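[1] What follows is a predicted structure for the sequence shown.
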Protein chains: 2
Amino acid sequence: MAVRQRATIGDVAARAGVGVGTVSRVLNGSRNVSEDTRERVLRTMCDLDYRPNRRARALSTGRTQNVAVMAPFATEPSVVERLRGISRVLQGSDYDLTLLDVATADQRDRQYRAVAAGDRFDALLAISLTPTDDDVKRLARAGLPTVLLDCDHPDLPRVVIDDVRGGMLATRHLLQLGHRRIAFMGEDADERFRFTASARRREGCELALEAYGLALEAPYVRVGPRGRAATHRLTDELLALPERPSAIVTSSDTQALGVLEAASSSGVRIPQDLSVVGFDDLDVAAYVGLTTVRQPLHASGETAARLLLERVGQTLGDPVRKVLELEVVPRRTTTVAGA
Amino acid sequence: MAVRQRATIGDVAARAGVGVGTVSRVLNGSRNVSEDTRERVLRTMCDLDYRPNRRARALSTGRTQNVAVMAPFATEPSVVERLRGISRVLQGSDYDLTLLDVATADQRDRQYRAVAAGDRFDALLAISLTPTDDDVKRLARAGLPTVLLDCDHPDLPRVVIDDVRGGMLATRHLLQLGHRRIAFMGEDADERFRFTASARRREGCELALEAYGLALEAPYVRVGPRGRAATHRLTDELLALPERPSAIVTSSDTQALGVLEAASSSGVRIPQDLSVVGFDDLDVAAYVGLTTVRQPLHASGETAARLLLERVGQTLGDPVRKVLELEVVPRRTTTVAGA
DNA sequence: CTGAAAGCGCTTACAG
DNA sequence: CTGAAAGCGCTTACAG
């Protein structure tokens, strides 16, 4: 069967005996159309199974109905849940979600430029990818509404958590269980990537210890690249310490899983010999009973997406900064010291 | 600073002293341009920092450079890894990836129609969402290249696994370890959603047992909705059987995690008292040491995306059907019977 | 090899 | 309230 030609606005106009401008007006809900003609046009559109051509509208209006979501999708497990929240909100809108996966700092730089220079998107939502001042300027110059999620910039609306507080919460949970020899395991701060969460959580860990008159000694801080192998190495180092820690604060659930695995393969019992706290509360945390600092990943995506929809096509007010709540979810990987 | 107007093809033409048609030709790499003018135009484009307007090109050519990836993204963990593979391949192309999340059968039906009726996409890649015959016809009529991943339809190119074989592999692994009382835990076959993987894996489980002269008795088959709570219930039912199974074949890693959790909270030791096999080999499987049937999720996305790129803008040959390899990855949740 | 022109399907002042 | 027309920025026969 041949491809049947779709009806255009011209077909509708001709059939309804009006001008294309009028059809366009009813299409866009303009008030300046008599009830009579509106109805006639509407009926004709229905008869012809007319659907507006997005491409033509895009060229005419300069808008694409596409929003870009730029994120380290391949490498960062927490991004997935945020993305689900974003997708959920965008489903209720007229916007399509284009996924821009970014794995390296170079890619991030390129994508920020491409998005600002191009005409593919009506808005940008960037996750965990802090823009440079230049990026922000280019975006502003291009008039592209932008919202940040899990990263920060003073000139942009953003949804974040208080990472320092997160580190404090995790550590305080352990302190309250009686632990005193507490270690911190974090991720390399890739300078170029500007991930700072891990460093700030460590800061929180220190502050919490200080409040108890304790210090976070250098040997008890282990920072390395992500991945199972690296996490195992870091864990082994901590477990080999003359005064082995009784608890470890990690900077992600994934890392915590690696610690659990390494510990169990060294015959270290969880939580009797070692308490472990994760960060994020990924789905898997509940399955394996991981005590963790919960951040509302799904809700963060929803909030950011709503913020973005608010900005699209509106005059911009002052950039908002929403800080989401954190809480410790105690499960089976932590217990009282000396249990 | 005001929004600086982007240069158009007209600006370039004027500055270079040629017609817009010529500029368009060098843009599209047409052979019919003299080396001289080509170079002059190229230089001018560079001077003016010219970038072609996608929207205009889309209207003119009828193509959007957007491919839709439709998937149960919010509900199906395996989709994430597939999506990563797709994204990776698409990054090397000129196509953007639009994510169409589908959570219910209704949404699936609506999206299939919308994609076929609309003009938003140049191609469609559907994951785990079997189309109806009508859907396929509409897609064909719309001339929309379509590829299926993890679902099947005779008229469409598709990338699948042999689920029956997967069930056999898992079961055979346990049989070879000496297990004889083997249970199967699967997911409800939501008729309307046309998920059939679980039922086919169960079939494979039966076949493997039969080859050993064993039967899969009704009490040893438990099927229910997904989710931790349901999985716990199913596990408790199996563990309460007068002749408790020594091993369970599950139809997903997520479900297997639920079994591990339920078992351990009942004081059943893994793997000494109970062996468990998952399906998929999600990242988390390695972390928790789950024995599982590995299917190449990432590679499946890559393969499907490549198939899609091949179809875009090409005349269609016979639909290919690629069947990916499966293998058992033995880890720490299975051991010899009576260990 | 190259230019002028029509056309893609809309939107939006501009008249009336 | 409504129609005719220009315009969005490209592509692509059609002449030459």
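    Okay, I see it.
[2] what residues does the host helix or strand of A:Asp135 touch?
    Using DSSP states H and E, A:Asp135 falls within helix A:133-141. Contact with helix A:133-141 is made by A:109, A:112-113, A:115-117, A:124, A:131, A:146, A:153, A:155-156, B:1, B:3-4, as judged by Cβ atoms under 8 Å, 6 or more residues apart in numbering or on different chains. For the C-beta atoms, the positions are set from N, CA and C on the backbone; glycine is no exception.
[3] ok, the residue in the stretch 151-300 of chain A positioned nearest to DNA strand D - how many residues close by?
    The stretch 151-300 of chain A approaches DNA strand D most closely through A:Leu156 (26.5 Å), counting by Cβ to the nearest atom of the strand. Look at A:Leu156: counted by other Cβ atoms under 10 Å in any protein chain shown, it has 22 neighbours.
[4] how about the strand or helix carrying A:Glu210: buried residues?
    Using DSSP H and E, the element containing A:Glu210 is helix A:197-211. Within helix A:197-211, the residues scored as buried using 16 or more other Cβ atoms under 10 Å in any protein chain shown are A:197-209.
[5] Send me it as PDB with only the CA atoms.
    As requested, the backbone C-alpha atoms of helix A:197-211 are provided in PDB (Å, rounded to 0.1, in the frame of the first residue of the first chain):
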ATOM      1  CA  ALA A 197      30.100  15.200  46.100                       C
ATOM      2  CA  SER A 198      32.600  12.700  47.500                       C
ATOM      3  CA  ALA A 199      34.900  15.400  48.900                       C
ATOM      4  CA  ARG A 200      32.100  17.200  50.500                       C
ATOM      5  CA  ARG A 201      30.700  14.100  52.100                       C
ATOM      6  CA  ARG A 202      34.100  13.400  53.500                       C
ATOM      7  CA  GLU A 203      34.000  16.900  55.000                       C
ATOM      8  CA  GLY A 204      30.700  16.100  56.700                       C
ATOM      9  CA  CYS A 205      32.300  12.900  58.000                       C
ATOM     10  CA  GLU A 206      35.100  14.900  59.600                       C
ATOM     11  CA  LEU A 207      32.700  17.400  61.100                       C
ATOM     12  CA  ALA A 208      30.600  14.800  62.700                       C
ATOM     13  CA  LEU A 209      33.700  13.100  64.200                       C
ATOM     14  CA  GLU A 210      35.000  16.500  65.500                       C
ATOM     15  CA  ALA A 211      31.700  17.000  67.300                       C
END
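[6] Could you identify the helix or strand that succeeds it?
    As assigned by DSSP H and E, the chain's next helix or strand after helix A:197-211 is strand A:221-224.
[7] Show me what that following strand pairs with in its sheet, parallel or antiparallel.
    Applying DSSP bridges to the sheet, strand A:221-224 is found paired with strand A:182-187 (parallel).
[8] Next, the angle from the partner strand to helix A:197-211.
    Here strand A:182-187 runs at an angle of 170 degrees relative to helix A:197-211 (axes from the mean of the first three to the mean of the last three Cα atoms, to 10 degrees).
[9] ok, and what's touching strand A:182-187?
    With Cβ under 8 Å, 6+ apart as the test, strand A:182-187 has contacts from A:167, A:171, A:174-175, A:195, A:198-199, A:201-202, A:205, A:209, A:214, A:216, A:220-226, A:231, A:234-235, A:238, A:245-252, A:255, A:259.
[10] Any of these buried? List them.
    Buried members of the contacts of strand A:182-187, counted by 16+ other Cβ under 10 Å: A:167, A:171, A:174-175, A:195, A:198-199, A:201-202, A:205, A:209, A:214, A:216, A:220, A:222-224, A:226, A:231, A:234-235, A:238, A:245-252, A:255, A:259.
[11] For stretch A:266-280, measure first residue to last.
    Stretch A:266-280 has its terminal residues 26 Å apart, counting by Cα to Cα, to the nearest Å.
[12] Stretch A:187-204 now?
    Across stretch A:187-204, first to last residue, Cα to Cα, it's 15 Å.
[13] can you list the domains in chain A?
    Segmentation of chain A into domains, based on automatic domain parsing, reads A:9-52, A:63-160+A:298-322, A:163-296.
[14] Quick one: name the residues of chain A near DNA strand D.
    Residues of chain A lying close to DNA strand D by Cβ under 7 Å from any atom of the strand are A:17-22, A:25, A:31-34, A:36-38, A:56, A:59-60.
[15] give the contact list for the residue nearest to A:Ala103 when sequence neighbours are not counted.
    Spatial nearest neighbour of A:Ala103, excluding adjacent residues (Cβ to Cβ, 6 or more residues apart in numbering or on different chains): A:Ala74 at 5.4 Å. If you count contacts by Cβ under 8 Å, 6+ apart, A:Ala74 has them with A:Asp101, A:Ala103, B:Arg84, B:Ser87, B:Arg88.
[16] dump the residue contacts of the second one.
    Meaning A:Ala103. A:Pro72, A:Ala74, A:Thr75.
[17] didn't A:Arg294 look like it was pressed against A:Asp281?
    Yes - the criterion here is Cβ atoms under 8 Å, and A:Arg294 meets it with A:Asp281 at 3.7 Å.
[18] which of the two has more neighbours?
    A:Asp281 (24 against 19).
[19] ok, the more buried one to B:Ala199 distance?
    Computed as Cβ to Cβ, to the nearest Å, the A:Asp281 to B:Ala199 distance reads 33 Å.
[20] again, but for A:Phe73
    Separation of A:Phe73 from B:Ala199 (Cβ to Cβ) stands at 32 Å.
[21] ok, back up a step: who's in contact with the helix or strand that the helix holding A:Asp135 is followed by?
    Counting by DSSP H and E, the next helix or strand C-terminal to helix A:133-141 is strand A:146-149. Outside strand A:146-149, the residues that touch it by Cβ under 8 Å, 6+ apart are A:82, A:123-128, A:130-131, A:136, A:139, A:156-160, A:300-301, A:304, A:307-308, A:311.
[22] Which parts of chain A are helices?
    Taking DSSP state H as the test, the helices found in chain A are A:9-16, A:20-27, A:35-47, A:54-61, A:77-91, A:105-117, A:133-141, A:163-176, A:197-211, A:228-239, A:253-265, A:283-288, A:297-311.
[23] does any bit of the second one sit next to DNA strand C?
    Yes - part of helix A:20-27 sits near DNA strand C under the criterion Cβ under 7 Å from any atom of the strand, namely A:Val20, A:Gly21, A:Ser24, A:Arg25, A:Leu27.
[24] isn't the first one right up against A:Asp11?
    If I follow you right, that is A:Val20. No - the pair A:Val20 and A:Asp11 fails to qualify as a contact (Cβ under 8 Å) at a distance of 9.7 Å.
[25] Report the spatially closest residue to A:Glu76, excluding sequence-adjacent ones.
    Nearest non-adjacent residue to A:Glu76 (Cβ to Cβ, 6+ apart): A:Ser128, at 6.0 Å.
[26] Quick one: name the residues of the stretch 1-150 of chain A near DNA strand C.
    By Cβ under 7 Å from any atom of the strand, the residues of the stretch 1-150 of chain A that approach DNA strand C are A:6, A:8-10, A:20-21, A:24-25, A:27-28, A:50-53, A:55-57, A:59-61.
[27] Next, count neighbours for the residue of chain A found nearest DNA strand D.
    With Cβ to the nearest atom of the strand, the shortest gap between chain A and DNA strand D falls at A:Gly21, namely 2.7 Å. Residues lying near A:Gly21 (other Cβ under 10 Å) number 10.
[28] Return the distance of it relative to A:Ala56.
    As judged by Cβ to Cβ, A:Gly21 and A:Ala56 stand 14 Å apart.
[29] Over to A:Leu125?
    For A:Leu125, the distance to A:Ala56 - Cβ to Cβ - is 26 Å.
[30] For those two, indicate the residue with more neighbours.
    Shown here are A:Leu125 and A:Ala56; by other Cβ under 10 Å, A:Leu125 has more neighbours (27 against 15).
[31] Just list whatever residues bridge to the more buried one.
    Beta-bridge partners of A:Leu125, as defined by DSSP bridges: A:Val69, A:Val147.
[32] For the stretch 201-339 of chain A, give me the ranges with low pLDDT.
    Applying pLDDT under 70 to the stretch 201-339 of chain A flags residues A:313-317.
[33] Show me which residues of it sit near chain B.
    Listed as neighbours of chain B in the stretch 201-339 of chain A under the rule Cβ under 8 Å from any Cβ of the partner chain: A:Arg228, A:Thr254, A:Leu257, A:Gly258, A:Leu260, A:Glu261, A:Asp283, A:Val284, A:Ala286, A:Tyr287, A:Val288, A:Gly289.
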